[in-house]
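Q: build me a model:
(chains A and B)
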There are 2 protein chains.
Amino acid sequence: MDKSFSGLPLTRASVQEAHKLIAPHVHRTPVFRCKTLDEIASTERPGAGEGGGRGARPKIRLWFKCENLQRVGAFKARGAFHAVGRLVERNHAQAVALAARDNGIPAHIIMPSIAMPNKIAGTKGYGATVYFSGSTAPEREAEADRVMKETGARMVPPYDHPDVILGQGTTGLELQEQVAEEMASESSSKKGLNAIITPCGGGGLNSGVALSCEGTGISVFAAEPTHQGADDLRRGLAAHSRITAVSSLSIADGLRTPVGAHPWSILHDRGLLRGAYAVSEEEISRALRLVLERMKVVVEPSAVVGLAVVLFNEEFRRLVEEEGGEEGWDIGVVFTGGNVNLDALPGLLELGKA
Amino acid sequence: MDKSFSGLPLTRASVQEAHKLIAPHVHRTPVFRCKTLDEIASTERPGAGEGGGRGARPKIRLWFKCENLQRVGAFKARGAFHAVGRLVERNHAQAVALAARDNGIPAHIIMPSIAMPNKIAGTKGYGATVYFSGSTAPEREAEADRVMKETGARMVPPYDHPDVILGQGTTGLELQEQVAEEMASESSSKKGLNAIITPCGGGGLNSGVALSCEGTGISVFAAEPTHQGADDLRRGLAAHSRITAVSSLSIADGLRTPVGAHPWSILHDRGLLRGAYAVSEEEISRALRLVLERMKVVVEPSAVVGLAVVLFNEEFRRLVEEEGGEEGWDIGVVFTGGNVNLDALPGLLELGKA
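A: Next comes the predicted model:
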């Protein structure tokens, strides 16, 4: 077993344990609704009925879990707090050193030298020491090894790590709770969500959320960009074989990574994912504009890929129409982060005008 | 008395009545907090101590009332729903016609032909018929008279109307309630806010919020741009004489209007405003960037002028230091709206880099 792993089994109960550990450190981000987007989602898409048939007419109510409003502007705070928290638990000397710094844990971050400037600046802004490497896995790992030897730091990979996955999964737990609370306060006859859809890059969030839904009856879906093969999970599931290399420059820059081994085992081997769907760059851009203009929250392109699937992927929409029927579906949509380069925004939005 | 006015007295109790009427139609927008902005607000400004003295060192905790997340993206929904709601109450024939349209009230809007294209598009998008006039008051009124004669529509001015003021004031009521709830849930020794600051253009929101605070002990402040004399309320208060004409092209385009007669009587004559403070275009731009980047909510430049005063106006900061002392102040900051032209955003943010 991975030496830096707490050993918690990958189950819904462990996600609940993770939530207890990180709750004092992360925000319980709000869940937003948006009538305009419900209407767009529940309306037949113009042109969807080409070739004689009609387009899908699903009934959809959306519940947006706003992890763009999370600390550091992304759900990643959850996995990081959980993985570091577990490290601290098992290493008292370190715990004292860390606690002495009052949460100012010294962090050494390896980033590809082609990383977005705002992400580099943000990382440095939180006090981390940033190291640069080439963008391939061997180059990154060589640099990580060097830094660990030099500084004595422990490794917390961004997604392919059980404790990180459990931490990210707390997003799904909170979303389930918040929707149930809201439905109860509205005296709704429904008790919870039918489905949750999240973007999928390395798969830490998506597989964590899948764990958080195990045994609840909630279907979990993954959303990816089609651009330059970034839909590696969708293609891998179809071939029952994980794709390990992707070279995509999708505007959804958080989703350019292939799915990791741990997430794959949860999503594919254990069958906890209902399906993966992909959307074009233009569709991502259009969803981005809708969220910025209508919901008034700042999201990065990666964050809206789940919404883009709900609004624009005809295959997904037919599924919801068939299974949701007259009552329709309540769908939880995770907005993963808000770390967008504001100066680049007009260019990102321009794509959707095509 | 204004024939289109319900006759409710301009008191806190009337704001509470207004809230009952509009609550089913408007969002109870969330109140956000932001540790980063609390820290910036509570830190001496670089360069503030020029000329030998030190800069102000207030202790500030901020509570942001997010009316950018309100329906139509701004607090203006409150005044409009209240004023129209009161019209409907007094006119049964109209009420039936309107109700039949299921809230699709026919609206005829006069806009200056130099209005921002996104605001024109937004207004049309909500189904209103838009008419254009010159940008002076006589030109606008002539066009309004023509449209009213032609269509039989009733006038709901944007701010200088008692029912509109009462509606906008519900923002302040909710903010007070939400902060009190939050403080109670945190078992805080404090029971509520020390102050509320809102942007001030025509003064409908600012005077409504002032009414909502009457008798509560909460100090109400107004925030304006200095650019090209848009700080007409500040200057008018100093001279005890309302300034009725302003010609400013501040980036805070919602605040280019002079304070109206009804707001002035509340703010000045009745003494319900504690003070008005102004900030530069550069300071507004810097506050805009902080909110977009750190709080991840979409706001328009006008929305952040209150925050800009808290962060950058030394006179205001000294007041908070003196009165807040060791315990500091809890300040409610109203984000008025989020209707920013996204394509123009890089230009708006560039100003703050000076």
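
Q: could you use CA atoms for every contact and neighbour count after this?
A: Will do.

Q: and the closest residue to A:L349 other than its chain neighbours, what element?
A: Nearest residue to A:L349 in three dimensions, chain neighbours excluded: A:S285, at 5.4 Å (CA to CA, 6 or more residues apart in numbering or on different chains). Assessed by DSSP states H and E, A:S285 sits inside helix A:281-290.

Q: now swap in A:E224 and tell me
A: strand A:219-225.

Q: how much does that strand deviate in direction from helix A:281-290?
A: 110 degrees (axes from the mean of the first three to the mean of the last three CA atoms, to 10 degrees).

Q: show me what strand A:219-225 is packed up against.
A: strand A:195-199, helix A:204-212, strand A:275-279, helix A:305-312 (3 or more CA pairs under 8 Å, 6 or more residues apart in numbering or on different chains; DSSP states H and E).

Q: what's in contact with it?
A: With CA atoms under 8 Å, 6 or more residues apart in numbering or on different chains as the test, strand A:219-225 has contacts from A:194-201, A:206, A:209-210, A:213, A:230-231, A:233-234, A:250, A:252, A:255, A:272-281, A:284, A:305-306, A:309.

Q: hmm, try it at 7 Å
A: A:194-200, A:206, A:210, A:230-231, A:250, A:255, A:273-281, A:305-306, A:309 (CA atoms under 7 Å, 6 or more residues apart in numbering or on different chains).

Q: number of nearby residues for the residue of the stretch 51-200 of chain A found nearest chain B?
A: Nearest to chain B in the stretch 51-200 of chain A, going by CA to the nearest CA, is A:L69, at a distance of 6.2 Å. Residues lying near A:L69 (other CA atoms under 10 Å in any protein chain shown) number 27.

Q: quick one, phi psi at it?
A: With angles defined as degrees, to the nearest 10, A:L69 sits at phi -90, psi 10.

Q: same check, this time on A:G260
A: Torsion angles, degrees, to the nearest 10, at A:G260: phi -80, psi 170.

Q: distance of it relative to chain B?
A: To chain B, A:G260 is 29 Å away according to CA to the nearest CA, to the nearest Å.

Q: A:R318 too?
A: Distance of A:R318 to chain B, given as CA to the nearest CA: 28 Å.

Q: can you confirm that residue is in a helix?
A: Yes: under DSSP: H, G, I helix; E, B strand; the rest coil, A:R318 falls within a helix.

Q: contact partners for it?
A: Taking CA under 7 Å, 6+ apart, one finds A:A56, A:P58 in contact with A:R318.

Q: also A:S265?
A: By CA under 7 Å, 6+ apart, the contact list for A:S265 is empty.

Q: would you mind measuring from it to chain B?
A: Using CA to the nearest CA, A:S265 is found at 34 Å from chain B.

Q: would that residue count as being in a helix?
A: Yes: counting by three-state DSSP, A:S265 falls inside a helix.

Q: which pLDDT value goes with it?
A: At A:S265, the model reports a pLDDT of 96.

Q: can you count the residues close to A:G275?
A: A:G275 has 19 neighbours, counted by other CA under 10 Å.

Q: beta-bridge partners for it, please?
A: Beta bridges link A:G275 to A:F221, judged by DSSP bridges.

Q: residue numbers of the stretch 51-200 of chain A in contact with chain B?
A: Residues of the stretch 51-200 of chain A lying near chain B by CA under 7 Å from any CA of the partner chain: A:N68, A:L69.

Q: how about stretch A:140-153: buried residues?
A: By neighbour count on 16 or more other CA atoms under 10 Å in any protein chain shown, the buried set for stretch A:140-153 is A:R140, A:E143, A:A144, A:V147.

Q: try stretch A:214-227
A: Residues A:E214, A:I218, A:S219, A:V220, A:F221, A:A222, A:A223, A:E224, A:P225, A:T226, A:H227 are the ones in stretch A:214-227 that count as buried (16+ other CA under 10 Å).

Q: so for that stretch, mean pLDDT?
A: 97.

Q: centre of the chain to that stretch, how far?
A: 10 Å (CA atoms, centre = their mean, to the nearest Å).

Q: what's the angle from the lengthiest helix in chain A to strand A:219-225?
A: Longest helix of chain A, by residue count under DSSP state H: helix A:162-185. Inter-element angle recorded for helix A:162-185 and strand A:219-225: 120 degrees (by the same axes, to 10 degrees).

Q: now helix A:162-185: mean pLDDT?
A: What helix A:162-185 shows for mean pLDDT is 94.

Q: rewinding a little: dump the following helix or strand past the strand holding A:E224 to PDB, restricted to CA.
A: Going down the chain from strand A:219-225, the next helix or strand is helix A:232-239, by DSSP H and E. Only the C-alpha atoms of helix A:232-239 are listed here, as PDB (Å, rounded to 0.1, in the frame of the first residue of the first chain):
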ATOM      1  CA  ASP A 232     -10.200   9.700 -22.200                       C
ATOM      2  CA  LEU A 233     -12.500   8.400 -19.500                       C
ATOM      3  CA  ARG A 234     -15.400   8.100 -21.900                       C
ATOM      4  CA  ARG A 235     -13.200   6.300 -24.500                       C
ATOM      5  CA  GLY A 236     -11.600   4.100 -21.900                       C
ATOM      6  CA  LEU A 237     -14.900   3.000 -20.400                       C
ATOM      7  CA  ALA A 238     -16.100   2.000 -24.000                       C
ATOM      8  CA  ALA A 239     -12.900  -0.100 -24.500                       C
END
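
Q: how about the helix or strand hosting A:N118: buried residues?
A: Here A:N118 is covered by helix A:117-125, with elements defined by DSSP H and E. Buried residues in helix A:117-125, defined by neighbour count with 16+ other CA under 10 Å: A:I120, A:G122, A:T123.

Q: ok, stretch A:172-183 next?
A: Buried residues in stretch A:172-183 (16+ other CA under 10 Å): A:G172, A:L173, A:E174, A:L175, A:Q176, A:Q178, A:V179, A:A180, A:M183.

Q: pull the distance from it to the chain's centre.
A: 17 Å.

Q: now swap in stretch A:23-42 and tell me
A: Centroid separation for stretch A:23-42 versus its chain: 14 Å, with CA atoms, centre = their mean.

Q: could you dump the buried residues of stretch A:172-183 to CSV with distance to A:I114?
A: Output for the buried residues of stretch A:172-183, formatted as CSV (distance: CA to CA, whole Å):
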residue, distance to A:I114
A:G172, 31
A:L173, 34
A:E174, 34
A:L175, 34
A:Q176, 37
A:Q178, 38
A:V179, 39
A:A180, 42
A:M183, 44
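
Q: sorry, back to before: ranking the helices and strands packed on strand A:219-225 by burial, who's on top?
A: helix A:204-212 (a mean of 31; mean count of other CA atoms under 10 Å in any protein chain shown).

Q: which helices and strands does it pack with?
A: Helix A:204-212 sits against helix A:12-22, helix A:162-185, with contacts defined as 3 or more CA pairs under 7 Å, 6 or more residues apart in numbering or on different chains; DSSP states H and E.

Q: just send those back as CSV, with distance to B:N341 too.
A: What follows is those, written out as CSV (distance: least, CA to CA, whole Å):
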stretch, distance to B:N341
helix A:12-22, 38
helix A:162-185, 31
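
Q: for B:F64, find the nearest of those helices.
A: Ranking those by their distance to B:F64 (criterion: CA to CA) puts helix A:162-185 first, at 21.7 Å.

Q: next, the angle from the closest one to strand A:195-199.
A: Going by the same axes, to 10 degrees, helix A:162-185 makes 140 degrees with strand A:195-199.

Q: distance from helix A:162-185 to the middle of the chain?
A: The answer for helix A:162-185 is 13 Å, by CA atoms, centre = their mean.

Q: swap in stretch A:306-317?
A: On CA atoms, centre = their mean, the centre of stretch A:306-317 falls 16 Å from that of its chain.

Q: who touches that stretch?
A: A:41, A:56, A:58, A:197-199, A:223, A:277-279, A:283-284, A:287, A:333.
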